[in-house]
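1. quick one, structure for this:
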Amino acid sequence: MRIAVALVAVWALAHTTSAPAPAQNYGSIGGGPKLGELEIKAWQPIPKTKTAVQLGSDTKLGRELRRQVMVRLSQRGNQVGFSGGNVMRMDVSYFDLLGGSRQNYGELGTKPDYAESGSNPFLPVPANPIGRSTGRTPSTSGPTLRVSLTLYSVDTGKVLWSATASCVTQADIAQRAGEMMINNIFDNADKNRVGDAGCPL
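-> Numbering: from 1, shown residues only. I've put the predicted structure just below:
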């Protein structure tokens, strides 16, 4: 009886700790290209089926750039809209890690009337400057626009195709930079490649 119980326990342990099945070739997106570059991962060419382009975050810049994606998809022969057989998720992010040319620090709270000049009756934490606490210097590359596109099959849930591009650009030309990146992506969209994002000079 003990031998049978031991064999069952060994069998159960072997089946619960076995190595996971190998991942599918679809959907392994990875870390993305360097700043100023684009990367396309085409597990298959973009199918000529109806494609919905959905924004991850609804912003004015995102809506303008989604319009350009829909134009380029329709030029490929895709019917486009807000619902469809495939979904292309679009993420647009614009961020400035420099925080502008002037750092504006402040104090949290105010000192009471009885406080002498130069005294600090409060705990040290509220009087600390409001700013980064990581100790790292911000990137000096400047404001950055990043556009990511990921095409999913609604039927299978698989990622069929993805593209990412980023550029250093100022806010007043961010839309033009985004359109240039999108055009550069769709000029040769069906092959895996890493290359220049087509950033404006």
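2. hey, where'd the helices end up in the chain?
-> Along the chain, counting by DSSP state H, helices occupy 2-16, 60-75, 124-127, 174-186.
3. ok, of these, where does mean pLDDT dip lowest?
-> Within the helices of the chain, confidence is poorest for helix 124-127, with a mean of 42 (mean pLDDT).
4. run a quick neighbour tally on the closest residue to Ile182 other than its chain neighbours.
-> Among residues not flanking Ile182 along the chain, Gln68 sits closest, at 4.9 Å (Cβ to Cβ, 6 or more residues apart in numbering). (Glycine included, C-beta is placed from N, CA and C.) Applying the criterion other Cβ atoms under 10 Å, we find 18 residues in the vicinity of Gln68.
5. what does Glu64 give?
-> 14.
6. what does Ser74 give?
-> Per other Cβ under 10 Å, the neighbour tally for Ser74 reads 12.
7. for the one 4 residues further on, same thing?
-> Asn78 is flanked by 21 other residues according to other Cβ under 10 Å.
8. pretty sure it contacts Thr51?
-> Yes: using Cβ atoms under 8 Å, Asn78 is in contact with Thr51, at 5.0 Å.
9. for Thr144, see how far away the residue nearest to Ile182 is.
-> 19 Å (Cβ to Cβ, to the nearest Å).
10. find the nearest non-adjacent residue to Phe95, please.
-> Thr144 (5.9 Å).
11. how about the contacts made by that neighbour?
-> By Cβ atoms under 8 Å, 6 or more residues apart in numbering, the contact list for Thr144 reads Leu35, Tyr94, Phe95, Asp96, Leu97, Ser166, Cys167, Val168, Thr169.
12. where does the chain dip in pLDDT?
-> The model of the chain has pLDDT under 70 over residues 1-31, 82, 84, 97-141.
13. for Pro45, which non-adjacent residue is spatially closest?
-> Nearest non-adjacent residue to Pro45 (Cβ to Cβ, 6+ apart): Asp190, at 3.9 Å.
14. contacts only, for that neighbour.
-> Ala42, Pro45, Ile46.
15. list just the nearest of the contacts of Thr144 to Arg72.
-> Cys167 (17.4 Å; Cβ to Cβ).
16. distance of the residue nearest to Phe95 from Asp187?
-> From Thr144 to Asp187 the distance is 22 Å (Cβ to Cβ).
17. which residue comes closest to Glu179 once chain neighbours are left out?
-> Gln68 (5.0 Å).
18. wait, doesn't the one you found sit right on Met180?
-> No: contact between Gln68 and Met180 fails when scored by Cβ under 8 Å: they sit 9.6 Å apart.
19. list of residues touching stretch 171-181?
-> 38, 61, 64-65, 68, 92, 94, 96, 143, 145, 147, 165-167, 169, 197-200.
20. any of those buried? List them.
-> Buried residues within those, counting neighbours by 16 or more other Cβ atoms under 10 Å: 38, 61, 65, 68, 92, 94, 143, 145, 147, 165-167, 169, 197-199.
21. quick one: which of those is nearest to Leu55?
-> The shortest approach to Leu55 among the buried ones among the contacts of stretch 171-181 belongs to Val92, at 7.2 Å (Cβ to Cβ).
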